[in-house]
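Novice: this one's structure only:
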């Protein structure tokens, strides 16, 4: 691909994603719609999806940023439903969709139908996290969807490889398929376990934030490539390493954390925007090879596969949710009670995405009905993104799921801050009693105590509103006034630079100090 079309793709897709934040339409849906329209706009080049780019270059960083932001403890607490969805459901969907395709589409061999089933089986990691963040789903539902999306690609890719081997006549049978699946799963986890500790130790020993963040950008590609090198699951290796690094992220220095968060936010935003735009742009490529099928017949096949994908998820989700609870008292005691509403949301939140398309494009040209596989994958991805993506918000509102208990979360945060402040006060008292600190001026100690008191009170003040008109708490008022004061200082610094009383280097240092203060206030405000 030439440089200019690539730059145009990134620029337009990020602009559309930014505009989507001002609309009620989720960014993935708007990006796909714009991509569909742009695919036939004059002057727009062909953006054929290359699986050799998407899988090793786009998927690892997207999985990494999703896994780092996930909670290892929450995922471990919900490992049973996550495993049932990311492994059990993907295999079930492969068989169910493959069987429906075999029955509906004349002349399609069962192994080829199973290839399609494996391709469309995994819900998309990017779509799931993007929609879940936007909708503010309950914590447990969000954790299950995110955990499923982190692992299911590995299951689907392995199932695809087994089905593809059968379709081209080189299958090693069921035993060989099970062995390949175990190699991919155990090997991917093993590679991740081998890499995670050395990588983390290397990050801790690098003292330069720029070097640490350069390493951070390389980690997902290294983990993915190392696992694929030994024919294991690169997806699982990336997830294992990222979960460990996210769980231990507090052990690196603050400058690295601040810089890393900003860097990965930009990377994730750009890649997610490009990925969804690419989905819409594939329409001409998909339709180009569909001439052998009649329009009405192809439309019927697309509807049948879409319905099979949607219904198979509900057929699996409800028994997987309730049957283990009925037969095991241990599960009932360990997991919170659930009603029928959460499984409905989990069942309907099965949007497919770019991974399915990338796998479909990797189907060899020698496989019979390859063009039909591409077409049915594309229509399924578009159908789930549009139908389920657009109806999921009103469905959640209609079911009236209990929202996150922000009051309880704020109370827990305030209690944690109080305990930490108490420990900090005790440590400060010890330090002030030390001989080397005996000559410290009293204003310095008072300043340290004031900062500590400010941190402790900030969270408690969020629990009560003091302004009935604006709803601002005392902490809100403090931050607003602090920002106004910082802005006044910033204007003075710029004026002094313009009058040549200070130079640009000094200006940058002064502005950085103000930026850090404003960033601290902003982080407190947004959590």
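Specialist: Received, thanks. Just so it is clear, the model here is predicted, and its values are computed rather than measured.
Novice: enumerate the positions of the host helix or strand of residue 392 that are buried.
Specialist: Assigned by DSSP states H and E, residue 392 belongs to helix 389-399. The neighbour-count check on helix 389-399 (16 or more other CB atoms under 10 Å) flags 389, 392, 395, 396 as buried. Every residue, glycine included, has its C-beta placed from N, CA and C.
Novice: just put the residues you listed in CSV and tack on pLDDT and distance to residue 17.
Specialist: Shown next, in CSV, are the buried residues of helix 389-399 (pLDDT from 0 to 100; distance: CB to CB, whole Å):
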residue, pLDDT, distance to residue 17
389, 83, 14
392, 85, 19
395, 88, 24
396, 84, 22
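Novice: which of the residues you listed sit farthest apart?
Specialist: Using CB to CB, those reach their maximum pairwise distance at 389 and 396, which is 12.2 Å.
Novice: rounded mean pLDDT for the host helix or strand of residue 95, please.
Specialist: Using DSSP H and E, residue 95 maps to helix 90-104. Averaging pLDDT along helix 90-104 gives 96.
Novice: and the residue nearest the centre of the chain?
Specialist: Central residue of the chain (CA atoms, centre = their mean): residue 66, 3.5 Å from the mean position.
Novice: for the stretch 51-200 of the chain, which segments count as helices?
Specialist: Under the criterion DSSP state H, counting those that start in this stretch, helices of the stretch 51-200 of the chain are mapped to 51-53, 59-68, 72-77, 79-83, 90-104, 110-119, 125-135, 139-167, 173-205.
Novice: hang on, the earlier thing: for residue 449, see how far away the residue nearest to the centre of the chain is.
Specialist: Look at residue 66 and residue 449: by CB to CB, to the nearest Å, they are 40 Å apart.
Novice: isn't residue 270 up against residue 10?
Specialist: Yes. Judged on CB atoms under 8 Å, residue 270 makes contact with residue 10 at a distance of 6.2 Å.
Novice: find the helix or strand that the residue with the largest distance to the centre of the chain is a member of.
Specialist: Most distant residue from the mean C-alpha position of the chain: residue 439, 51.5 Å away (CA atoms, centre = their mean). Using DSSP H and E, residue 439 sits within no helix or strand.
Novice: can you give me the helices for the stretch 251-400 of the chain?
Specialist: Remark: helices assigned in the stretch 251-400 of the chain by DSSP H, counting those that start in this stretch are 254-281, 283-288, 295-327, 329-334, 341-348, 354-361, 370-383, 389-399.
Novice: so which elements touch the third one?
Specialist: By that I understand helix 295-327. helix 79-83, helix 90-104, helix 329-334, helix 341-348, helix 370-383 (3 or more CB pairs under 8 Å, 6 or more residues apart in numbering; DSSP states H and E).
Novice: can I get the ones you listed in a markdown table with mean neighbour count?
Specialist: Output for these, formatted as a markdown table (neighbours: other CB atoms under 10 Å):
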| stretch | mean neighbour count |
| --- | --- |
| helix 79-83 | 17 |
| helix 90-104 | 21 |
| helix 329-334 | 10 |
| helix 341-348 | 20 |
| helix 370-383 | 23 |
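Novice: nearest to residue 457, out of those?
Specialist: Comparing the helices and strands packed on helix 295-327 by CB to CB, helix 341-348 comes nearest, at 37.0 Å.
Novice: show the model's pLDDT score for the residue nearest to residue 274 when sequence neighbours are not counted.
Specialist: In this structure, residue 274 finds its nearest non-sequential neighbour in residue 13, 5.0 Å apart by CB to CB, 6 or more residues apart in numbering. pLDDT, residue 13: 94.
Novice: which elements pack onto whichever strand or helix holds residue 32?
Specialist: According to DSSP H and E, residue 32 maps onto helix 27-38. Secondary-structure packing of helix 27-38 (3+ CB pairs under 8 Å, 6+ apart): helix 3-20, helix 125-135, helix 254-281, helix 389-399.
Novice: what's the angle from that helix to helix 3-20?
Specialist: Angle, helix 27-38 to helix 3-20, by axes from the mean of the first three to the mean of the last three CA atoms, to 10 degrees: 130 degrees.
Novice: what comes into contact with helix 27-38?
Specialist: For helix 27-38, contacts defined as CB atoms under 8 Å, 6 or more residues apart in numbering pick out 12-13, 16-17, 19-21, 23, 44, 126-127, 130-131, 134, 272-273, 276-283, 351, 353, 382, 385-386, 389-390.
Novice: so where's this structure shaky on pLDDT?
Specialist: By pLDDT under 70, the low-scoring segments of the chain are 1, 125-136, 170-175, 291-292, 294, 403-407, 409-410, 438, 458-475, 521-527.
Novice: can we see that at 50?
Specialist: Residues of the chain meeting the criterion pLDDT under 50: 525-527.
Novice: how many neighbours does residue 306 have?
Specialist: Close neighbours of residue 306, defined as other CB atoms under 10 Å, add up to 21.
Novice: and for residue 15, the neighbour number?
Specialist: Neighbour number of residue 15 under other CB under 10 Å is 12.
Novice: how close does it get to residue 305?
Specialist: 33 Å.
Novice: look up phi and psi at residue 495.
Specialist: The phi and psi torsions at residue 495 (degrees, to the nearest 10) take the values phi -60, psi -40.
Novice: measure it to residue 488 for me?
Specialist: 11 Å.
Novice: redo the helices and strands packed on helix 295-327 as CSV? Include distance to residue 432.
Specialist: As requested, the helices and strands packed on helix 295-327 are arranged in CSV below (distance: least, CB to CB, whole Å):
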stretch, distance to residue 432
helix 79-83, 47
helix 90-104, 59
helix 329-334, 47
helix 341-348, 52
helix 370-383, 63
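Novice: gap between the strand or helix carrying residue 424 and the chain center?
Specialist: Following DSSP H and E, the helix or strand that holds residue 424 is helix 406-433. On the basis of CA atoms, centre = their mean, to the nearest Å, helix 406-433 sits 32 Å off its chain's mean C-alpha point.
Novice: now do whichever helix or strand comes after it and helix 406-433, the angle between them.
Specialist: The helix or strand immediately downstream of helix 406-433 is helix 442-461, counting by DSSP H and E. Orientation of helix 442-461 against helix 406-433 (the same axes, to 10 degrees) gives an angle of 170 degrees.
Novice: before we move on, the earlier item: winner for burial among the helices and strands packed on helix 27-38?
Specialist: helix 125-135 (a mean of 22; mean count of other CB atoms under 10 Å).
Novice: re earlier: for residue 419, which of the helices of the stretch 51-200 of the chain is the nearest?
Specialist: Judged by CB to CB, the one of the helices of the stretch 51-200 of the chain that comes nearest to residue 419 is helix 72-77, at 18.7 Å.
Novice: what sits up against the closest one?
Specialist: By CB under 8 Å, 6+ apart, helix 72-77 touches 82, 139, 143, 146, 147, 243, 244, 246, 247.
Novice: can you get me a residue count around the fifth one?
Specialist: A count of neighbours around residue 147, defined by other CB under 10 Å, yields 27.
Novice: now the third one
Specialist: Residue 143: 21 surrounding residues under other CB under 10 Å.
Novice: how far away is it from residue 508?
Specialist: Distance, residue 143 to residue 508, by CB to CB: 42 Å.
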